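> take a look and give me a structure for this.
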Amino acid sequence: MKNVQISQELFIRLVRLLVFEFDEDTDLIKKELEDKMEKLVRHEIYSKFKTAPTEEEKEKARQDYLDMVGMHRDFRW
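Have a look, this model is predicted:
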């Protein structure tokens, strides 16, 4: 299993939520975790692009990555 790094601030908020049941920051925690998950997915797709064994798989991963980051089709090569 891989490790994932989060900011110290997010870690402290998670501890406050889970250990001390202080749920004032739940919306912010949810947003930060969603952002982190999106970054992990983008990284996974980019890694597939860089390590794909065939040109077809490489191009598919490249298109998926560009879709994920929101690059408009007119600006792609």
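> helix or strand with the lowest mean pLDDT in this structure?
None of the helices or strands of the chain scores lower by mean pLDDT, DSSP states H and E than helix 55-69, at a mean of 85.
> what's the burial count for residue 52?
15 (other Cβ atoms under 10 Å). In short, each C-beta sits where N, CA and C put it, glycine included.
> isn't it up against residue 58?
Yes. Residue 52 is within contact range of residue 58, at 3.8 Å (criterion: Cβ atoms under 8 Å).
> neighbouring contacts of the helix or strand containing residue 9?
Assigned by DSSP states H and E, residue 9 falls within helix 8-18. Residues outside helix 8-18 that contact it (Cβ atoms under 8 Å, 6 or more residues apart in numbering) are 6, 22, 23, 25, 26, 28, 29, 32, 33, 36.
> and the two most separated of those residues?
Using Cβ to Cβ, the contacts of helix 8-18 reach their maximum pairwise distance at 22 and 36, which is 20.7 Å.
> more crowded one of those two?
residue 36 (15 against 12).
> quick one: average pLDDT of the lengthiest helix in the chain?
Using DSSP state H to define each element, the chain has its longest helix at helix 26-51. Averaging pLDDT along helix 26-51 gives 90.
> geometric centre of the protein: which residue is closest?
The C-alpha lying nearest the average C-alpha coordinate of the chain belongs to residue 39 (Cα atoms, centre = their mean; 2.0 Å).
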